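Participant: build me a structure from this.
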Amino acid sequence: MPANTAQHDVAGGPPAEAVAPLIRGIAVLRRLTEAGGTLSPSALERATGLARSTVDRITATLARMGHVRLDGRDVVLTPRVMELGNAYLAALRLPALLDARADALADELDESVSLAVADLDGIRFIHQATRRRAMSVSFRIGDLLPAERTAPGPLFAAEWTEADWQRWRSRRASDPEDTAFPAVPPRPPSAADDFDQRTAQARRNGWALDDQLIEPGLVAVSVPVREPGTGRTACVASVVSHTSRHTASGLRTALLPRLRTAVAAMEADLREAATPRPGPPLSGLATWTTASKHELGREFVESLARGLTVLTAFGEGRSALTLAEVARATGLARATARRALITYEYLGLVTTVADHRTFTLTPRVLDLGFPPLSRTTLPRLAEPHLRALADQLHEPTALAVLAPGTGRAADAEIQYTAGASTSRVLTVEIAVGARLPASSTSLGRVLLADAARPLSPALAEVRAQGYALVDQELESGLRSLAVPVRDRAGRVIAALNVATHPARRTLEECVHDLLPTLHTTADRIQTDLHTASRFTRVPPA
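Facilitator: Here you go, the predicted model:
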């Protein structure tokens, strides 16, 4: 097994009741995550040590669930796998309660701001508000860092037990170069080994510094956000910069006071937060897995699919669940849910609270695909759907947004952000990044129908009918049909179109034959967008 998996994998054998296919499926998701989201089946075979036939059955099951797609010779993580990490973040509640404060602080300081939680002897990011600069911080939500090489680490370690310190010492001895943490560069040989002293200092001061512990040039200052009632550290807020902007001591002088003010506001938000009402229970998952097994036969690993549904039983208002509650939420038999929970406890993905009857998710759930997808963009997310649509219709497809900096609706332009072509001799070739007048394109009219005020009669009709059909207005021989793509709030942030030639399809055929398929593709893009953007920002371009 590769050296860089040591932090994640569990020593010793699994308990007798653990679900072996679920263990193998989690291993595949972790290896895909560590590889940045894409691996070939043969590379997965090498990385996991599993037989090729087992890898093929696992990836077929994950593809059926929508967590991966099989793209040529590669297995690729899809945004739907983020549902697993979303379940943890929703149950945790901290991102939903605190991310607006972190974003506002980043805007105020013009520096990156992060929120992190403890993950055994590491720290894991749950929110990132980054600056868009050529030199910027590249950590992602879900990335795991060694506690001793961060500013949040000493603040968490100030509450460690002796068992926690022993775990840290064992890990440091077995992995001196931090190969188990792919999000950070290897530890330099000259790195100071003074974590216990920095922890003691952080305990006294109530804040901590990172003076280029991760890599040269990176500095940070951190303050704990404490739980109401217990006073324990719920998460740590950090301001992160680089030495061309601030020294570590300069961060303390210039930015620490404002960070402390923001943290005080965060703690007030935690005290005043209402208890969330649980959302509706999941429905139909157990039935769906049974139907998939009947359809796909031995290529569908039912125990893996059912095990993964257990993670999505948790969420907002469902942060701690009993076995009976998990079984009820998923529709699984108690015995099935129990074996999945035993497996996850062995893998470190769930833990029990004091009564040993209630289960909660751990930050390690974010290992399952979240980091490489947390920095996705709408064009990247839409591209496989555009390719599938172009292949299905044998017509070129495109995604566009309103170009920034355009003025009145009459002068507005669209900017192409993604597209898929076909092998036809007569086809549309418009490069990504190209701009066109919005008023004479179907894409532009869909976008203007949501953005322009007041609406012209033509745009009012587009808005009412939910699509725009433009016939040879931009160019002779070009007929185009477009529909909107909406964000989680229902705002139109992009438009999707298909282009054709009048000789291939009449106007009526465009509406009756192309429009339903176009809407279906837009729905698929929106589903991925809504999943990916629940706790991360997905730029539209």
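Participant: how far away is R171 from D110?
Facilitator: Separation of R171 from D110 (CB to CB, to the nearest Å): 36 Å. For glycine as for every other residue, the C-beta is placed from the backbone atoms N, C-alpha and C.
Participant: so between those two, which is more surrounded?
Facilitator: R171 (20 against 10; other CB atoms under 10 Å).
Participant: wait, that one touches A147, no?
Facilitator: No - using CB atoms under 8 Å, R171 makes no contact with A147, being 9.7 Å away.
Participant: what is in contact with those two at once?
Facilitator: Common contacts of R171 and A147 (CB atoms under 8 Å, 6 or more residues apart in numbering): D121.
Participant: what sits up against the helix or strand hosting Q526?
Facilitator: For Q526, the enclosing helix or strand under DSSP states H and E is helix 515-532. With contacts defined as CB under 8 Å, 6+ apart, helix 515-532 is touched by 78-80, 82-83, 86, 373-374, 376, 378, 381-382, 385-386, 388-389, 392-393, 397, 399, 466-467, 481-488, 496-498, 538.
Participant: helix or strand next in line after the lowest-mean-pLDDT helix or strand in the chain, which one?
Facilitator: Every helix and strand of the chain was ranked by mean pLDDT, DSSP states H and E. The lowest is helix 285-296, at a mean of 82. Sequence order places helix 302-311 as the next helix or strand after helix 285-296, per DSSP H and E.
Participant: ok, which stretches of the stretch 101-250 of the chain are strands?
Facilitator: With DSSP state E, counting those that start in this stretch as the criterion, the stretch 101-250 of the chain has strands at 112-119, 122-129, 144-146, 208-211, 218-226, 233-242.
Participant: out of those strands, nearest to L436?
Facilitator: Closest approach to L436 among the strands of the stretch 101-250 of the chain (CB to CB): strand 122-129, 33.4 Å.
Participant: leaving out chain neighbours, which residue sits closest to G153?
Facilitator: Excluding the flanking residues, the one nearest G153 by CB to CB, 6 or more residues apart in numbering is A147, at 3.1 Å.
Participant: enumerate every residue touching the one you found.
Facilitator: 118, 121-123, 153-154, 156-157, 168, 195.
Participant: from these, list the buried ones, please.
Facilitator: For those, a burial check counting by 16 or more other CB atoms under 10 Å picks out 118, 121-123, 153-154, 156-157, 168, 195.
Participant: ok, S112 touching V240?
Facilitator: Yes - applying CB under 8 Å, one finds S112 in contact with V240, separated by 4.4 Å.
Participant: tell me which of these two has more neighbours.
Facilitator: Shown here are S112 and V240; by other CB under 10 Å, V240 has more neighbours (27 against 23).
Participant: for the more buried one, what are its contacts?
Facilitator: Listed by CB under 8 Å, 6+ apart, the contact partners of V240 are 111-114, 137, 210, 218-220.
Participant: try it again at 10 Å.
Facilitator: Taking CB atoms under 10 Å, 6 or more residues apart in numbering as the contact definition, V240 lies against 106, 111-114, 128-131, 136-137, 139, 150-151, 210, 214, 218-222, 246, 251.
Participant: among the residues you listed, which ones are buried?
Facilitator: By neighbour count, with 16+ other CB under 10 Å, the contacts of V240 hold 106, 111-114, 128-131, 137, 139, 150-151, 210, 214, 218-222, 246, 251 as buried.
Participant: roughly how far does the residue nearest to G153 sit from L115?
Facilitator: Distance check for A147 against L115: by CB to CB, it reads 16 Å.
Participant: next one: L402
Facilitator: 32 Å.
Participant: how long is stretch 433-448 from one end to the other?
Facilitator: 19 Å (CA to CA, to the nearest Å).
Participant: for the record, mean pLDDT for it?
Facilitator: Averaged across stretch 433-448, pLDDT comes to 93.
Participant: stretch 202-209 now?
Facilitator: For stretch 202-209, the mean per-residue pLDDT is 97.
Participant: counting neighbours, which bits of it end up buried?
Facilitator: Neighbour-count burial for stretch 202-209 [16+ other CB under 10 Å]: 202, 207-209.
Participant: can you give me the end-to-end span of it?
Facilitator: Stretch 202-209 has an end-to-end distance of 9 Å (CA to CA).
Participant: for the stretch 301-450 of the chain, which segments are assigned as strands?
Facilitator: Assigned by DSSP E, counting those that start in this stretch, the stretch 301-450 of the chain shows strands spanning 321-322, 350-352, 358-361, 397-402, 413-420, 435-437.
Participant: check contacts around the residue nearest in space to the middle of the chain.
Facilitator: The centre of the chain sits closest to S374, judged by CA atoms, centre = their mean, with a distance of 3.5 Å. Counting by CB under 10 Å, 6+ apart, S374 makes contact with 82, 85, 125, 128, 139-143, 366, 532, 535-538.
Participant: which of these lies closest to L448?
Facilitator: Among the contacts of S374, V538 lies closest to L448 (CB to CB), at 22.2 Å.
Participant: which helix or strand contains that closest one?
Facilitator: With DSSP H and E as the test, V538 turns up in no helix or strand.
Participant: can you pull the pLDDT of it?
Facilitator: pLDDT, read off for V538, is 96.
Participant: what sits closest to it if chain neighbours are left out?
Facilitator: Of all residues not flanking V538 in the chain, A532 sits nearest, at 5.2 Å (CB to CB, 6+ apart).
Participant: one more: G25?
Facilitator: Excluding its sequence neighbours, the residue lying closest to G25 (CB to CB, 6+ apart) is L304, at 4.1 Å.
Participant: picking that back up, need the strands of the stretch 101-250 of the chain in JSON lines with distance to T517, can you?
Facilitator: Formatted as JSON lines, these follow (distance: least, CB to CB, whole Å):
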{"stretch": "strand 112-119", "distance to T517": "41"}
{"stretch": "strand 122-129", "distance to T517": "37"}
{"stretch": "strand 144-146", "distance to T517": "41"}
{"stretch": "strand 208-211", "distance to T517": "51"}
{"stretch": "strand 218-226", "distance to T517": "48"}
{"stretch": "strand 233-242", "distance to T517": "44"}
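Participant: tell me which of those strands lies nearest to A96.
Facilitator: Closest among the strands of the stretch 101-250 of the chain, using CB to CB: strand 122-129, at 9.8 Å.
Participant: quick one: the closest one to chain centroid distance?
Facilitator: Taking CA atoms, centre = their mean, to the nearest Å, one finds the center of strand 122-129 at 12 Å from the center of the full chain.
Participant: now do that strand: which elements does it pack against?
Facilitator: With contacts defined as 3 or more CB pairs under 10 Å, 6 or more residues apart in numbering; DSSP states H and E, strand 122-129 has these neighbours: helix 82-92, helix 94-109, strand 112-119, strand 144-146, helix 152-157, strand 233-242, helix 370-373.
Participant: okay, now the sheet partners of it, with direction.
Facilitator: Take DSSP bridges as the rule and strand 122-129 pairs in its sheet with strand 112-119 (antiparallel), strand 144-146 (antiparallel).
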